[in-house]
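Peer 1: Structure for this input, please:
(2 chains, ligands or ions: 2)
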2 protein chains.
Amino acid sequence: MAFSKKINPPFLIIIGFAIIIFLGTLLLSLPIASSTGESLGFLDSLFTATSAVCVTGLVVFDTGSDYTLFGQIIIMILIQLGGLGFMTFGVTTAVLLGKKIGLRERLLIQESTHSMSNSGLVRLALNILFISLLFESIATLILTINWYEEMGPLKSFYYALFHAVSAFNNAGFALWPDSLTRYMGDPIVNVVISSLFIIGGIGFIVILDIYIKRKWQKLSLNSKIVLITTGILCAAGFLFVLVMESLNPKTFGDLTFSERLWASYFQGVVTRTAGFNTIDIGQMMAASQLFIIFLMFVGASPGSTGGGIKTTTFAILILSLSNIIKGRSEVSVFKRTVATDMILRSLAVIIISLGVVMTSTLLLTITEHSLQRDFLEVLFEATSAFGTVGLSMGLTAELSVLGKLIIIVTMFIGRLGPLTLAYALARRNVKPNIRYAEEKILIG
Amino acid sequence: MAFSKKINPPFLIIIGFAIIIFLGTLLLSLPIASSTGESLGFLDSLFTATSAVCVTGLVVFDTGSDYTLFGQIIIMILIQLGGLGFMTFGVTTAVLLGKKIGLRERLLIQESTHSMSNSGLVRLALNILFISLLFESIATLILTINWYEEMGPLKSFYYALFHAVSAFNNAGFALWPDSLTRYMGDPIVNVVISSLFIIGGIGFIVILDIYIKRKWQKLSLNSKIVLITTGILCAAGFLFVLVMESLNPKTFGDLTFSERLWASYFQGVVTRTAGFNTIDIGQMMAASQLFIIFLMFVGASPGSTGGGIKTTTFAILILSLSNIIKGRSEVSVFKRTVATDMILRSLAVIIISLGVVMTSTLLLTITEHSLQRDFLEVLFEATSAFGTVGLSMGLTAELSVLGKLIIIVTMFIGRLGPLTLAYALARRNVKPNIRYAEEKILIG
Ligand SMILES: [K+]
Ligand SMILES: [K+]
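Peer 2: Ligands and ions are numbered 1, 2, ... in the order given. As a prediction, this is how the structure comes out:
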């Protein structure tokens, strides 16, 4: 084990990321990072650095025009560090969970990562870095070729690299002020970018499980649930956006049928964590915006670059619900039983996350009171920050100083909170407590 | 047992209430119910009848001026039938729960109701009616005396009776267009009306438990949890409204300190279910409105005239959360263990309720799209309908035909849904299912 028993690992991780964010803030507030030659200021630099390290993608500036090449490269490095770091932390948590619970799952993850017992965290991080660079390189190559004619050799390579890093790490930073709107109908950009964030959002453990096992039947329960839930959420997002926005002249009014399909596909699958957009989120139907809030809250999968409560947590919720209603005493799926303990932990993650989003929203309604913006924009912004998604209905740039601080804290908690909570719950020794007689409480 | 095994009781109850609502609709759509002498129309009469029978209190008309005395008395009778019926159904569910689970609780409820084994549902309903009439009579007497000088003998008695029935049954119908705003600073109206809806919202079982036991230590776990949770929620509502609205010139601007205290007290304790207001809800701070949405969702206690997910369900959620985080394997409170089964059922009630509110909200954003109202108003309206609260930020009167139908269905589901669900879960025989090996899923 790489962890010392005397040091509290989540504490170390939190301090580590805080230091990276602080260094990033300093670099981004240098005059050479700003295209005007004047410092962009501490608070806004802190906002951008936090957004980059937490791979959120909410921005108070236009990354492509307000930052110099130096500033943009700093942002790209922060994204890569953040994505790598969180994925490593997520996988470590998973291994510890495995260690505590069962030999079978533990062996699977150790086998997948060739890991903990031999070379510890560094080797795991290197493995994850290798996977990241592999996918990012392939994507950079394809995007460079795609953009070569439009931009020339250097710019096409740089834009390809930046967006590949941003997409694989689910960061959602883009070098165009309207994100990827101009490539809404471009199949290559759509497919490459969305493949990157879907793979990044499925996570290291599942990628390796698929690579090793090859066959569906052999996949772990975790992989099966991640893949099925991701598939269902992507399909639901696609269909919902397609149906609702077809009624909306402000977004789909001038689009061809093929553009509508691409836009629905992209916005349907991107919303759970990646934060790019090809249509204007603020112009969408309120129903679509509400559905996107739901998708952002659910988020990506454990041990991935994405945020949210995680697909597996959501799946456990739905499975338990269906089993409780059917009157079954135990939750089972794919001929495996889900421990009651797991269900209660999922419940804790969901309720605490809901509490964080609602608290952040509540505080923003107070600090941004004078803006008189629609409540949905505030809820959207807070959920996007918590789920480290980075989509916005347009509120970000108008936030007050207090509002920016609330979003900064929400991004940080959203990125580290559920992971830390899962980690803490996984490592805990269950305290025996006095067993009292049961007594009924009435519900409903 | 009064229930035949061949007939599905929740089905009977649902049909019974649907018939009462239908008859109420017919009577309210008669020309003699309308102050203009022309029928108020089927849809709006259905809306009013559903709102009255489900003791919700959302209104598309001004009860005091658009309805004749005949119409108002029909509404009062519908409220009394609805309140009595749902309380009886709630207590029956509780008795069945008791029967299935433990001798101790069962004996307590049977003792309290002198009930099931002897004379069945009719006697139980008569007991509940007696309690209702007792509290309503006392309140009518006090309010008649209070309003005598202002209104004269007949009107003061009628107004006292109507508002006493409306308050005890947590219906929230008032004969003034601005609800009880004119009595915002009146101590007698504040204390009498709020006592009625607090007692009504605590419910029959707890009232009888207090009457029989007298001492805190002897109260059932259910009563203790109901009383403590109700107390905490009332205090939180009072403090939140007081602090937030003190910053708001639109509501508290011209008020004296004593008026502010009364208004905060009333709005803080009323919001979980009763639906009266003494300040304009639409003018409150967004933060207060959001907090009221939370209180409306939680609602009153089981076996009462109020709605929502219920105070006990909320308490179980918070207790489980705190125990999971502390790493305890079991949830215990007041030296009693809460069965895991109960926790899972509470979870089911909460998640399904959240699903109903969000679905209703989503549909309203589509049907009321052209109104361009703030999202918070829509969420507020849907939660108020679901929790059978009856507060509104002002959307009710502007609803489209489809919007009214959505609210009618939401009120009906909100009133019968959680009860029926709790009943169904309580009566269920847990099916044995194949016990598979446990396998870990990653959460967070
Ligand atoms: K993101
Ligand atoms: K009500």
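
Peer 1: residue contacts, the residue most central in space within chain A?
Peer 2: Taking C-alpha atoms, centre = their mean, the centroid of chain A lies closest to A:G306, which sits 2.2 Å from it. Shown in contact with A:G306 (C-beta atoms under 8 Å, 6 or more residues apart in numbering or on different chains): A:V55, A:N170, A:F197, A:G200, A:G201, A:G203, A:R272, A:T273, A:A274, A:G299, A:A300, A:T388. From N, CA and C alone the C-beta is placed, and that goes for glycine too.

Peer 1: Can you check my assumption that the fourth one lies in a strand?
Peer 2: No - the secondary structure assignment for A:G200 gives helix rather than a strand, going by DSSP: H, G, I helix; E, B strand; the rest coil.

Peer 1: so how many other residues sit close to it?
Peer 2: For A:G200, the neighbour count with other C-beta atoms under 10 Å in any protein chain shown is 29.

Peer 1: Quick check: chain neighbours aside, which residue is closest to the residue nearest to the centre of chain A?
Peer 2: Of all residues not flanking A:G306 in the chain, A:A300 sits nearest, at 2.3 Å (C-beta to C-beta, 6 or more residues apart in numbering or on different chains).

Peer 1: any chance of the contacts of A:G306 in CSV, with pLDDT too?
Peer 2: Listed next are the contacts of A:G306 as CSV, based on pLDDT from 0 to 100:
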residue, pLDDT
A:V55, 89
A:N170, 88
A:F197, 86
A:G200, 86
A:G201, 84
A:G203, 80
A:R272, 75
A:T273, 77
A:A274, 78
A:G299, 89
A:A300, 86
A:T388, 87
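
Peer 1: The residue nearest to the centre of chain A in helix, strand or coil?
Peer 2: The three-state label for A:G306, taken from three-state DSSP, comes out as coil.

Peer 1: what about it, distance to ligand 2?
Peer 2: Look at A:G306 and ligand 2: by C-beta to the ion, to the nearest Å, they are 42 Å apart.

Peer 1: How about A:T63?
Peer 2: The gap separating A:T63 from ligand 2 is 50 Å, by C-beta to the ion.

Peer 1: now swap in A:F168 and tell me
Peer 2: Relative to ligand 2, A:F168 is positioned 52 Å away (C-beta to the ion).

Peer 1: and the gap between that residue and A:L347?
Peer 2: A:F168 sits 32 Å away from A:L347, taking C-beta to C-beta, to the nearest Å as the criterion.

Peer 1: Which one of the two is surrounded by more residues?
Peer 2: Legend: neighbour count by other C-beta under 10 Å for A:F168 and A:L347, higher for A:F168 (30 against 25).

Peer 1: Pretty sure the more buried one sits against A:G201.
Peer 2: No - counting by C-beta atoms under 8 Å, A:F168 stays clear of A:G201, with 9.5 Å between them.

Peer 1: any shared contact partners between these two?
Peer 2: Applying C-beta under 8 Å, 6+ apart, one finds that A:F168 and A:G201 are jointly contacted by A:T305.

Peer 1: can you give me the mean pLDDT across stretch A:281-292?
Peer 2: Mean per-residue pLDDT for stretch A:281-292: 89.

Peer 1: Just confirm yes or no for that stretch near chain B.
Peer 2: Yes - using C-beta under 8 Å from any C-beta of the partner chain, stretch A:281-292 reaches chain B at A:M285, A:A286, A:A287, A:L290, A:F291.

Peer 1: what residues are up against the first one?
Peer 2: Contacts of A:M285 were listed using C-beta under 8 Å, 6+ apart, and they are A:M244, A:E245, A:L247, A:N248, B:T365, B:I366, B:H369.

Peer 1: rewinding a little: pLDDT score for the residue nearest to the centre of chain A?
Peer 2: 80.

Peer 1: Let me know the helix or strand that A:F380 is in.
Peer 2: Using DSSP states H and E, A:F380 maps to helix A:375-386.

Peer 1: Tell me what angle that helix forms with helix B:375-386.
Peer 2: Counting by axes from the mean of the first three to the mean of the last three C-alpha atoms, to 10 degrees, helix A:375-386 points 100 degrees away from the direction of helix B:375-386.

Peer 1: Helix A:375-386 near chain B at all?
Peer 2: Yes - if you take C-beta under 8 Å from any C-beta as the test, helix A:375-386 does meet chain B, through A:F375, A:L376, A:V378, A:L379.

Peer 1: From the chain's centroid, how far away is that helix?
Peer 2: Relative to its parent chain, helix A:375-386 has a centroid offset of 15 Å by C-alpha atoms, centre = their mean, to the nearest Å.

Peer 1: and if you look at stretch A:404-422?
Peer 2: Offset of stretch A:404-422 from its chain centre (C-alpha atoms, centre = their mean): 12 Å.

Peer 1: Now that stretch - C-alpha only, CSV.
Peer 2: What follows is stretch A:404-422, C-alpha atoms only, in CSV (Å, rounded to 0.1, in the frame of the first residue of the first chain):
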residue,chain,number,x,y,z
LYS,A,404,-17.9,33.8,-8.4
LEU,A,405,-16.7,32.7,-5.0
ILE,A,406,-19.8,30.5,-4.5
ILE,A,407,-19.2,28.9,-8.0
ILE,A,408,-15.5,28.4,-7.3
VAL,A,409,-16.3,26.6,-4.0
THR,A,410,-19.1,24.6,-5.6
MET,A,411,-16.7,23.5,-8.4
PHE,A,412,-14.2,22.4,-5.9
ILE,A,413,-16.7,20.5,-3.7
GLY,A,414,-18.4,19.1,-6.7
ARG,A,415,-15.1,17.7,-8.0
LEU,A,416,-13.7,16.4,-4.7
GLY,A,417,-16.8,16.0,-2.5
PRO,A,418,-18.4,12.8,-3.8
LEU,A,419,-15.0,11.2,-4.3
THR,A,420,-13.9,12.0,-0.8
LEU,A,421,-17.2,10.9,0.6
ALA,A,422,-17.1,7.6,-1.2
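
Peer 1: Quick one: mean pLDDT for that stretch?
Peer 2: pLDDT averaged over stretch A:404-422 gives 83.

Peer 1: Over to stretch A:339-355?
Peer 2: Per-residue scores along stretch A:339-355 average to 81.

Peer 1: Counting neighbours, what do you get for A:G83?
Peer 2: The local packing of A:G83 (other C-beta under 10 Å) involves 28 other residues.

Peer 1: what residues are up against whatever residue of the stretch 51-200 of chain A ends up closest to ligand 2?
Peer 2: The stretch 51-200 of chain A approaches ligand 2 most closely through A:L58 (39.8 Å), counting by C-beta to the ion. With contacts defined as C-beta under 8 Å, 6+ apart, A:L58 is in contact with A:F47, A:S51, A:G275, A:E381, A:S384, A:A385, A:G390, A:S392, A:T396, A:I407, A:M411.
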